[in-house]
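sequence and predicted structure below; questions after.
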Amino acid sequence: MAEIRINRVAKQFGKTHALQAIDLTIADREFMVLLGASGCGKTTLLRIVAGLETATAGQVHIGDRRVDQLPPKARGIAMVFQNYAVFPHLTVYENIAFGLRMAKLADSEIDKRVNRTAALMHIDPLLKRYSGQLSGGQRQRVAVSRALAMEPDVILMDEPLSNLDALLRMEMRAELKSVLAESNTTTIYVTHDQVEAMSMADRIAIMDQGHIVQCDVPVEIYRNPAAHFVGSFIGNPPMNFLKASRVDTGQWRVAGATLSGPGSDKNALDFAIRPEDITVGEGPLQAEVRLLEPLGSHTLLACRVDNTAFRVIVDSDTSVSIGDTLSLNPMADRVRWFDPDTQLAVPS
């Protein structure tokens with residue numbers, strides 16, 4: 001079992017609180033993505049699990065062992081870094097074998113593991129090459145193969161695809177997820193790229209300012225953000241937000257229109273809707289089109305609603321011009337509401 005339990009982990013650098021009482025349980029063989037903007041604490045948390053940073057407070061367990069007081073080599077983990085850390089003076093074979101030789105495994109076992117993991121990552125024809133003869137994608141595969149060859153309980157990955165071009169990154173996302181599922185390891189994957197997170201994760205932990213704001217399966221995070229931050233961070237483009245004032249119980253004034261909403265006794269809420277969850281035609285919200293962005297299968301309309309930026313996605317064959325006034329109808333079951341004071345979601 002390689003379940004990971006992170007209990008009340010905090011990290012302070014001087015007066016800066018990088019992590020604040022993090023609680024997170026990652027199931028055996030789960031692919032967990034830590035997602036957030038630069039400086040949110042995701043890499044610090046990964047390095048604490050790895051043993052490359054010491055927590056100011058809290059505990060880390062892997063399986064039935066507490067590991068936060070153990071050196072990295074005793075934790076049963078392997079790590080893939082952003083720059084791959086492939087040794088230029090060694091062949092691909094020796095790069096993959098490096099950790100195994102340090103562990104003093106028999107040559108026959110080393111050979112078996114190197115060949116198996118190289119085949120898994122489709123680099124077995126490259127075993128005699130040096131890193132200078134490899135592309136970025138091939139070096140990335142070498143780094144992953146080296147980690148897998150150790151047969152770790154846990155693999156930690158810190159932005160491993162960020163140095164690749166867009167097309168190769170897309171190919172590697174699918175390949176990595178497949179290979180790691182086959183290897184039966186538990187994975188923690190750090191990224192700031194929400195497309196990577198949404199396409200690869202079993203669950204995503206959204207981090208902001210040293211806190212985990214929401215942890216759930218990708219579709220739940222997208223459809224039901226637990227906080228204003230999550231709705232504004234996830235999605236490209238992100239959710240639209242408008243101010244709402246209470247008219248009566250369950251009735252809210254939004255951009256001059258009265259809409260049904262939560263039965264909250266608050267006087268003000270934030271109304272939120274994703275750009276693809278709006279139809280154009282008969283609807284309560286009036287929008288002025290400011291910009292058209294044709295994107296192939298659809299067009300992104302940059303509008304103003306009640307003097308607030310508001311985006312709408314329509315089919316590419318929709319007849320719309322800059323300066324048009326549109327009537328927008330938000331899909332009622334896709335509207336979300338947030339408390340402007342707590343920034344948390346309010347049940348509809």
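Okay, I see it.

list of residues touching the longest strand that the chain contains?
Across the chain, the strand with the greatest residue count (assigned by DSSP state E) is strand 278-294. With Cβ atoms under 8 Å, 6 or more residues apart in numbering as the contact definition, strand 278-294 has outside contacts at 254-259, 299-305, 310, 312-314, 316, 318, 320-331. To be clear about C-beta, it is placed using only N, CA and C from the backbone, and glycine gets the same treatment.

and stretch 197-210, by the same measure?
Under the contact criterion Cβ under 8 Å, 6+ apart, stretch 197-210 has outside partners 11, 17-20, 22, 24, 30-37, 40-42, 45, 173-174, 176-177, 189, 191, 212-218, 221-222, 229-230, 233-234.

pull the CA atoms of the longest strand of the chain into CSV?
Included here for strand 278-294 are C-alpha records, laid out as CSV according to Å, rounded to 0.1, in the frame of the first residue of the first chain:
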residue,chain,number,x,y,z
ILE,A,278,-25.1,30.8,-22.1
THR,A,279,-27.4,30.8,-25.1
VAL,A,280,-27.9,33.8,-27.4
GLY,A,281,-31.4,34.9,-28.2
GLU,A,282,-34.3,35.6,-25.8
GLY,A,283,-32.7,36.2,-22.4
PRO,A,284,-32.7,38.5,-19.4
LEU,A,285,-29.1,39.8,-19.7
GLN,A,286,-28.1,42.4,-22.3
ALA,A,287,-24.6,42.4,-23.6
GLU,A,288,-22.7,44.6,-26.0
VAL,A,289,-20.2,42.8,-28.2
ARG,A,290,-16.7,44.4,-28.1
LEU,A,291,-14.5,41.8,-29.8
LEU,A,292,-14.8,38.5,-31.8
GLU,A,293,-12.2,35.8,-31.5
PRO,A,294,-12.8,33.0,-34.1
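
flag every buried residue along the helix or strand of the chain with the lowest mean pLDDT.
Sorting the helices and strands of the chain by mean pLDDT, DSSP states H and E puts helix 166-183 at the bottom, at a mean of 82. Buried positions in helix 166-183, judged by neighbour count with 16 or more other Cβ atoms under 10 Å: 169, 172-173, 175-177, 179-180, 183.

filter the contacts of strand 278-294 down to the buried ones.
Buried subset of those (neighbour count, 16+ other Cβ under 10 Å): 254-255, 257, 259, 299-303, 305, 310, 312-314, 326, 328, 330.

strands along the stretch 201-348 of the chain, start to end?
For the stretch 201-348 of the chain, the strands defined by DSSP state E, counting those that start in this stretch cover 203-208, 211-216, 240-248, 251-254, 257-260, 268-273, 278-294, 298-305, 308-315, 325-330, 336-338, 345-346.

so can I have CSV of the ones you listed showing distance to Ala103 and mean pLDDT?
Putting those into CSV (distance: least, Cβ to Cβ, whole Å; pLDDT from 0 to 100) gives the following:
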stretch, distance to Ala103, mean pLDDT
strand 203-208, 31, 97
strand 211-216, 34, 97
strand 240-248, 53, 96
strand 251-254, 62, 96
strand 257-260, 63, 95
strand 268-273, 52, 98
strand 278-294, 53, 94
strand 298-305, 52, 96
strand 308-315, 52, 96
strand 325-330, 58, 96
strand 336-338, 50, 98
strand 345-346, 48, 96
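
with distance to Ala2 added, can I get the ones you listed in CSV?
As requested, those are arranged in CSV below (distance: least, Cβ to Cβ, whole Å):
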stretch, distance to Ala2
strand 203-208, 15
strand 211-216, 18
strand 240-248, 40
strand 251-254, 47
strand 257-260, 47
strand 268-273, 38
strand 278-294, 44
strand 298-305, 42
strand 308-315, 41
strand 325-330, 44
strand 336-338, 35
strand 345-346, 32
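
next up, the contacts around the residue nearest to Leu100 when sequence neighbours are not counted.
Distances taken as Cβ to Cβ, 6 or more residues apart in numbering put Ile110 closest to Leu100, at 4.6 Å, once the chain neighbours are dropped. The neighbours of Ile110, taking Cβ under 8 Å, 6+ apart as the test, are 97, 100-101.

of all those residues, which comes closest to Asp64?
The shortest approach to Asp64 among the contacts of Ile110 belongs to Leu100, at 25.7 Å (Cβ to Cβ).

what's the burial count for that closest one?
21 (other Cβ atoms under 10 Å).
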